[in-house]
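A.B. asks: how would this look folded up:
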Amino acid sequence: MFVIERVSGEKVEVPVTCRLDSDAEVKTYQVGGVLQQFAGSFWGILDWYVL
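C.D. replies: Numbering: from 1, shown residues only. Here you go, the predicted model:
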């Protein structure tokens, strides 16, 4: 769900669909996002290629 918060304070929830086209995108999604993937790789706690 995508939440839009207007200047007036009104919140509107909009359903969204995410499409993952490649194995790399799926792996990034599985680890929680780009930041988590980078941090895990940087600190040596995540192997980018084997999940």
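A.B. asks: Any chance of the backbone angles for the closest residue to Thr28 other than its chain neighbours?
C.D. replies: In space, and not counting its chain neighbours, Thr28 is closest to Gln37: 5.3 Å by C-beta to C-beta, 6 or more residues apart in numbering. For every residue, glycine as well, the C-beta is placed using N, CA and C. Here is the backbone geometry of Gln37 (degrees, to the nearest 10): phi -70, psi -50.
A.B. asks: Report how many residues lie close to Gln37.
C.D. replies: Gln37 sits with 18 neighbouring residues when counted by other C-beta atoms under 10 Å.
A.B. asks: what's the answer for Glu25, then?
C.D. replies: Other residues lying near Glu25 total 12 when counted by other C-beta under 10 Å.
A.B. asks: Show the pLDDT at it.
C.D. replies: pLDDT for Glu25: 90.
A.B. asks: Which residue of this structure lies farthest from its centroid?
C.D. replies: Most distant from the centre of the chain: Ser8, at 28.4 Å, with distances by C-alpha atoms, centre = their mean.
A.B. asks: That one: helix or strand, and which one exactly?
C.D. replies: Assessed by DSSP states H and E, Ser8 sits outside every helix and strand.
A.B. asks: going forward can the numbers begin at 15, since that is how I track them
C.D. replies: Yes, from this point I'll number from 15; that puts the last item at Ser22.
A.B. asks: Contact partners for it?
C.D. replies: Going by C-beta atoms under 8 Å, 6 or more residues apart in numbering, Ser22 touches no other residue.
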